[in-house]
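# Below is the sequence, then the predicted model.
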Amino acid sequence: MAERDYLNELNDVQRLAVQHTEGPVMIIAGAGSGKTRVLTYRIAHLLEKGVDPFNILALTFTNKAAREMKSRIETIVGGTEARNLWMGTFHSVFAKILRFEAEKLGYPSNFTIYDTDDSKSLIKTILKEEQLDDKVYKPGSVLSRISAAKSSLISPTAYLQNNEIQNDDKMSAKPKLGIVYQKYASRCFKSGAMDFDDLLYQTNILLRDFPDVLHKYQHKFRYVMVDEYQDTNFSQYVIVKKLAAVFENICVVGDDAQSIYGFRGANIQNILNFEKDYPDLKTFKLEQNYRSTKTIVDAANNIIAHNRDQLKKEVWTDNDAGTKIKVSRAMSDNEEGALIAHAIFEYKMNEQVHDKDFAVLYRTNAQSRAIEEALRKLNISYRIYGGLSFYQRKEIKDLIAYFRLAANPADEEALKRVINYPTRGIGKTTIEKISVIASERDTSMWDVMTNPAHHPLPVHGGTSEKLGNFITMIKSFNIGLPKTSAYSLAEHIAQSSGILKELYSDKSTEGVSRYENIQELLNAIKEFDESPAVDENGELIERMRTLDEFIQDIALLTDADEKDKDDLDKVSLMTIHAAKGLEFPYVFVSGMEENLFPSQLSLNSRADLEEERRLFYVALTRAEKQAHLTFAVSRYKWGNLIHCEPSRFLEEIEPKYLEFSGGASTARTNVETSFEPRQKTVWKPKTPETRPTGYQAKEKKTYTHSSTKPNLTRASTSQITSKPVGADQLELIQKLQVGMQVEHEKFGNGKVLQIEGIMPNTKATVFFPDVGQKQLLLKFAKLRIISNN
DNA sequence: GTGTAATGCTATTGG
DNA sequence: AGCATTACAC
């Protein structure tokens, strides 16, 4: 395609942004303003101008975005040119560079990439060794603390020396966090492993400590582009800044209004302060929205106007006003699902649209189940994005652990995973012994196992023999690595490890499916095996593909990266986070409720609440034609039915853009056509005497709302109603007193010593002469009152 | 050491 | 309600 042609497809600002290739550029791109188009055309433009694709680095946040962009560039400039572009996620691009430069940092070039599970498991091991309580030091939060440190480029040493951090940790009763961080880092290093954050952290170390390396990449990447710049963290910011320091041909694209990854360290200041970093910055604002109706754009502007921290920008559109945004109330989460399913059904009937034109978005993954069930009932096909990806399934991780071990026997997490799977008589005790010795001697478990002369292992002859067999097996895999093609070795490992046999013998539905998944993995490896290798310069080379090559970047793949089945006509279900960058004609945003969206955890700080609001902005602006917001009045959480109030966000849209309806699902939900979104009055939970009982909550009249009687909502329900607790249990909860004699169907007669907890989770401590003292949850316990004393 | 029953914890968001 | 870890029996 000639240059003129694609430049004509751009509006004035877009065109200027594409043509301004030299020097620092910031493109503030409102939702739906053609950001991807500008980015791809910009790269195409550079190539047409004669810039070598090897000199262009484009960083994205998802593999999918990178792939999409690459293929769009291909259609403009042709495949050979596009192939040589450095384009990918931060993690994948720098993993590639790190593998190339690994020795400088003391890592093997085939280092393992630990995924979150590996990291957590390692943290658990360390906690055990340090005798720290994992209820105080929750592995997940320990990991996010470590992750935050790495993302801010704080080394373990710096962490331990920083008074402020140390105080923080003491205040949160976790004074040993720094020690855990230190141990964690050194264990990863000894295992030849990097976690996700290391891919950026170690890149920073590399660029900091090896000026020649920095120089090399600075001159290699003469043009640097960063997509979704508002989502970069400090570590990424520094990398980008350093790489672009020589030529300053840096172009960042982003939208502060769509910054939704603060929770994992993204720093919105990176975009807000970009001007300070580059005084001669040229800024382009893409403000025309091509995606959505005027109603949606204006409503989205309403929402974001409630945020204080933002760059000035006016998103507008030439599109029609379109229909109003629908808002529906459902009685429960299940009914919300039904309502959505029925609405989709009706849209399809009335407007001749397809399943793939719909997306259902939610705040948390747990919300998907009710929606799935409802869609299944109406035979509407759907696809869930997010959740467990193929490579996170247990059976897949098991087999891959063998592959990892073959490539890098020091990989401790892989070792622990399969040393006794399938069971071969190497149990917990033995593994612990090895682990302790490894820790004491500051070496890897593999080293301990394979050098009994240096590290005497106090195990029996039988155990020692079993260990020997395992070692021999792994060694043989290791030797096979360079001389066997990926597929034959993978198949061999699946066989001789016993995994295939283990799964084959399980004839349950799940077992069969696990077996099939293994087959699918092997097929994928076969496909990989038969695809050509590419060298450093992007040239195709004749060479055998090996298994370690295959597993290298698997940890970086996510669910969204599984073969794009775009041809499939299915409704998309995903979290709002996962929906960023996507668009659909019809978008449902479900669970518009206080404490869910905005999340309860966001209510304590302005910054967090503003991020939730941006999240809502992102959700709404995914819609092209019709947005439909839904909320439920009650929903199950941890097995309990809780009462929910409509989200405050609903009030932040001017009513003229909204159309309230009871929903299209069942007659029961149709009683009302309008309601008061949310009562601003603060109210206290009622006393037990006036509180409606759990099973009454099922009656619809309890929940009747009316715009003319704003207090009804408040007056009608309690904050926490019980799950349909049986009438018997309910009576029990209300009547039971300390000192009463009760009868339990299993424990016999006993005496009530104590009653505590808030209804319906009231607990009683009862002493049974036969079995001793027991704590009973009254809503479940089958207790009968015998007498009052 | 292995397998099963009981217990207890959890659910922001993700590369 | 579902899942992972733990406790206990074999």
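That came through fine.
# For stretch A:290-301, buried residues please.
For stretch A:290-301, the neighbour count (16 or more other Cβ atoms under 10 Å) marks A:291-301 as buried. To be clear about C-beta, it is placed using only N, CA and C from the backbone, and glycine gets the same treatment.
# what pLDDT, on average, does that stretch get?
Stretch A:290-301 carries an average pLDDT of 98.
# Quick one: residues in contact with it.
A:31-34, A:289, A:314-317, A:319-325, A:583, A:617, A:620-621, A:623-625, A:627, A:653-654, A:657-658 (Cβ atoms under 8 Å, 6 or more residues apart in numbering).
# and it, how far out from the chain's middle?
How far stretch A:290-301 lies from its chain's middle: 27 Å, per Cα atoms, centre = their mean, to the nearest Å.
# Please enumerate the helices of the stretch 1-150 of chain A.
Remark: helices assigned in the stretch 1-150 of chain A by DSSP state H, counting those that start in this stretch are A:3-8, A:12-19, A:35-48, A:63-77, A:79-83, A:90-105, A:116-129, A:139-151.
# so which of the ones you listed gets nearest A:D212?
Checking the helices of the stretch 1-150 of chain A against A:D212 by Cβ to Cβ gives helix A:90-105 as the closest, at 9.7 Å.
# ok, the closest one near DNA strand B or not?
Yes. Judged by Cβ under 7 Å from any atom of the strand, helix A:90-105 comes into contact with DNA strand B at A:H91.
# List the buried residues in that helix.
Those would be A:90-99, A:101-102, A:105, for helix A:90-105 by 16+ other Cβ under 10 Å.
# which one among those gets closest to DNA strand C?
A:H91 (24.4 Å; Cβ to the nearest atom of the strand).
# Mind putting the buried residues of helix A:90-105 into a markdown table with distance to A:I56 and pLDDT?
Putting these into a markdown table (distance: Cβ to Cβ, whole Å; pLDDT from 0 to 100) gives the following:
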| residue | distance to A:I56 | pLDDT |
| --- | --- | --- |
| A:F90 | 16 | 95 |
| A:H91 | 19 | 95 |
| A:S92 | 16 | 94 |
| A:V93 | 12 | 96 |
| A:F94 | 16 | 97 |
| A:A95 | 19 | 96 |
| A:K96 | 15 | 95 |
| A:I97 | 15 | 97 |
| A:L98 | 20 | 97 |
| A:R99 | 21 | 96 |
| A:E101 | 20 | 97 |
| A:A102 | 24 | 97 |
| A:L105 | 26 | 98 |
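# quick one: low-confidence parts of chain A?
A:1-4, A:536-538, A:559-567, A:662-733, A:735-736, A:744-747, A:754-764, A:769-783, A:789 (pLDDT under 70).
# Confirm A:F284 sits in a helix?
No. Looking at A:F284 with DSSP: H, G, I helix; E, B strand; the rest coil, it is strand, so not inside a helix.
# quick one: it and A:I28, what's the gap?
Separation of A:F284 from A:I28 (Cβ to Cβ, to the nearest Å): 7 Å.
# Next: A:T558.
With the distance defined as Cβ to Cβ, A:T558 ends up 27 Å from A:I28.
# Same check on A:K580?
The value you get for A:K580 to A:I28, if Cβ to Cβ is used, is 16 Å.
# between A:T558 and A:I28, who's got more neighbours?
Comparing A:T558 with A:I28 by neighbour count (other Cβ atoms under 10 Å), the higher total belongs to A:I28, at 24 against 18.
# Please name the bridge partners of the more buried one.
Beta-bridge partners for A:I28, by DSSP bridges, are A:G254, A:K285.
# Who are the contact partners of it?
If you count contacts by Cβ under 8 Å, 6+ apart, then A:I28 has A:254-256, A:271, A:283-286, A:311, A:313 around it.
# Could you pick out the buried ones from these?
Among the contacts of A:I28, those classed as buried by neighbour count (16+ other Cβ under 10 Å) are A:254-256, A:271, A:284-286, A:311, A:313.
# Can you verify my assumption that A:F274 contacts A:M26?
Yes. The pair A:F274 / A:M26 is scored as a contact, 5.1 Å apart, by Cβ atoms under 8 Å.
# list residues touching both of the two?
Counting by Cβ under 8 Å, 6+ apart, the residues touching both A:F274 and A:M26 are A:229, A:252, A:281.
# For the residues you listed, which single residue is the most surrounded?
For the shared contacts of A:F274 and A:M26, the largest number of neighbours (other Cβ under 10 Å) sits with A:Y229, at 29 neighbours.
# does it really touch A:D256, like I thought?
No. If you go by Cβ under 8 Å, A:Y229 and A:D256 don't touch, sitting 9.3 Å apart.
# Spatially nearest residue to A:Y657 (excluding sequence neighbours)?
Closest residue in space to A:Y657, ignoring its immediate chain neighbours: A:A299 at 4.3 Å, by Cβ to Cβ, 6 or more residues apart in numbering.
# okay, whatever helix or strand that neighbour lives in in PDB with CA atoms only?
Assessed by DSSP states H and E, A:A299 sits inside helix A:294-304. Provided in PDB are the C-alpha atoms of helix A:294-304 (Å, rounded to 0.1, in the frame of the first residue of the first chain):
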ATOM      1  CA  LYS A 294     -22.800   9.800  21.700                       C
ATOM      2  CA  THR A 295     -24.700   8.500  24.700                       C
ATOM      3  CA  ILE A 296     -22.000   6.200  25.700                       C
ATOM      4  CA  VAL A 297     -19.200   8.700  25.200                       C
ATOM      5  CA  ASP A 298     -21.000  11.400  27.100                       C
ATOM      6  CA  ALA A 299     -22.000   9.100  30.000                       C
ATOM      7  CA  ALA A 300     -18.300   7.900  30.200                       C
ATOM      8  CA  ASN A 301     -17.300  11.600  30.400                       C
ATOM      9  CA  ASN A 302     -19.800  12.000  33.200                       C
ATOM     10  CA  ILE A 303     -18.100   9.200  35.100                       C
ATOM     11  CA  ILE A 304     -14.500  10.300  34.700                       C
END
